[in-house]
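**Q** Dropping the sequence and predicted coords here.
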Amino acid sequence: MQDLFDLSGRAALVTGGGSGIGRAIAQALAGAGADVVVLGRRPDPLTETVALLAEGGGTAAVVVGDLTRLDGIPVLAEQAAVPFGPPDILVTAAGVNLRETAEEVTPESWNETLAINLSAPFFLARALVPAMRAKGWGRIINIASLQSARAFPRGVAYGASKGGVAQLTRAMAEAWSADGITCNAIAPGFFPTDLTAAVFADQERAEHFARQTAIGRNGRLEDLHGTAIFLAAPASDYLTGQVVYVDGGFTAK
């Protein structure tokens, strides 16, 4: 039964792996035996992630690149295959939330949000699918959000992008699951990351969201480890097209 969660011999690519949810998932996959490439725009945080994974006995490498430049994604996909071979597992954790009101959103901020949160996951996955198809096995894990299903203040563009991620996940599953490539999404609740720094800086606000959960607390990044490993591992062979809410029961109330 342990083999159901063993990722030994698998190569993973995690976007946004320099911090927060991306780093946490990179740790989880490395801990389960995968060789991990972390991709992002800032080299220093990515290097810190690699060092952290190495401390835990994992093997990792860095690719620096800008996912908002969609025409450059095929090159990034090629670079990601250099350290450990073509990725078997893709986690699209890179994201942005500009927290603008509907009146503040500009065409530029709208396009930036959708490019990194919605467009990049599709085009990067599509670039990696041929190698996954040739093996007859692949895992795509998108990062959705509470805003995939609910509206929050100052979240018009972000909510639109994350609602799109939920549907994109289903569409990817329909397109590629018959080739052995499953696609699912994790929708985190409130976790301490760069994107939620404003929430956790306000103790009263953070406690309010904790009370909204069924469990009674906000998320800890290690709470994502088990779901990430499950969705990347053979244990989830017959699961595809699903959005898994790891939110302490926030959406259940």
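**A** Great, that's in hand.
**Q** which ones are touching Ala233?
**A** 4-7, 32 (C-beta atoms under 8 Å, 6 or more residues apart in numbering). C-beta here means a position set from N, CA and C on the backbone, and glycine is covered the same way.
**Q** That should have said Glu108, apologies.
**A** Neighbours of Glu108 in contact, by C-beta under 8 Å, 6+ apart: none.
**Q** again with His225
**A** Applying C-beta under 8 Å, 6+ apart to His225 gives the contacts 24-25, 27-28, 31.
**Q** So it: helix, strand or coil?
**A** Recorded secondary structure, His225: helix (DSSP: H, G, I helix; E, B strand; the rest coil).
**Q** still on that earlier bit, put the buried members of the contacts of Ala233 into a PyMOL selection.
**A** This is the PyMOL syntax for the buried subset of the contacts of Ala233, where burial follows 16 or more other C-beta atoms under 10 Å:
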select buried, resi 5+7+32
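**Q** could the contacts of Ala233 go into JSON lines alongside distance to Leu46 and pLDDT?
**A** Converted to JSON lines, the contacts of Ala233 look like this (distance: C-beta to C-beta, whole Å; pLDDT from 0 to 100):
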{"residue": "Leu4", "distance to Leu46": "30", "pLDDT": "97"}
{"residue": "Phe5", "distance to Leu46": "26", "pLDDT": "97"}
{"residue": "Asp6", "distance to Leu46": "26", "pLDDT": "98"}
{"residue": "Leu7", "distance to Leu46": "20", "pLDDT": "98"}
{"residue": "Ala32", "distance to Leu46": "20", "pLDDT": "98"}
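**Q** Kindly indicate which of the contacts of Ala233 lies nearest Ala115.
**A** Leu7 (29.7 Å; C-beta to C-beta).
**Q** name the element that closest one belongs to?
**A** When elements are assigned from DSSP states H and E, Leu7 belongs to no helix and no strand.
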